[in-house]
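Undergrad: sharing a sequence plus its predicted fold:
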Amino acid sequence: MDIRRLTIGAVAFLAFGAASADLTTLVEAVELTPSNVIMPGSVNGTVTFRPCAGECAKEHRRARLTPETEFYVDGKKVKFEIFHDAMVALRGDDETYALVSVDLEQNTITSFRLNDQ
């Protein structure tokens, strides 16, 4: 009987304790245009980007790509080289949007989406 009360108390504490904890944003998603992105030559490089669409006065940001970074073009997962070529081809196109997801603790890009509908 005491074990049940202890178990129920522990579960209740975890459930209510987690609900009252402070929330921390771990990944930030930023919408931008390809013209605001400078891509590295390899998947282990650093991306420089302005966190806005079109022309803007916001400061450039930098985040690292890693081998775990996922790349998407039109909703399909692709390799870095294909994604890089698509970004270069759309560099002057301010009608196309990209979505970059940045892990704020590691300052790494978790995913990069282009023309994702």
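TA: Received it, and whenever you're ready, just let me know what you need.

Undergrad: for residue 59, what are its contacts?
TA: Residue 59 sits next to residue 50 when contact means CB atoms under 8 Å, 6 or more residues apart in numbering. Where C-beta positions appear, they are placed from N, C-alpha and C, glycine not excepted.

Undergrad: check the gap between the most centrally placed residue in the chain and residue 70 for me.
TA: Centrality entry for the chain: nearest residue to the mean C-alpha point is residue 101, 0.9 Å, by CA atoms, centre = their mean. Noted for residue 101: a distance of 9 Å to residue 70, by CB to CB, to the nearest Å.

Undergrad: need the residues touching each of those two.
TA: Listed as contacting both residue 101 and residue 70 by CB under 8 Å, 6+ apart are 110-112.

Undergrad: residue 79: which of these is nearest?
TA: Comparing these against residue 79 with CB to CB places residue 112 closest, at 12.0 Å.

Undergrad: mind giving me the packing neighbours of the helix or strand containing the closest one?
TA: Using DSSP states H and E, residue 112 maps to strand 108-114. The contact analysis (3 or more CB pairs under 8 Å, 6 or more residues apart in numbering; DSSP states H and E) places strand 108-114 against strand 61-64, strand 70-73, helix 80-89, strand 98-103.

Undergrad: distance between the first one and the chain's centre?
TA: In other words, strand 61-64. 11 Å (CA atoms, centre = their mean, to the nearest Å).

Undergrad: please apply the same query to the third one.
TA: Mean-position distance between helix 80-89 and its chain equals 17 Å (CA atoms, centre = their mean).

Undergrad: what's the angle from it to strand 108-114?
TA: Relative orientation of helix 80-89 versus strand 108-114 (axes from the mean of the first three to the mean of the last three CA atoms, to 10 degrees): 60 degrees.

Undergrad: what's the average pLDDT for helix 80-89?
TA: Averaged over helix 80-89, pLDDT sits at 93.
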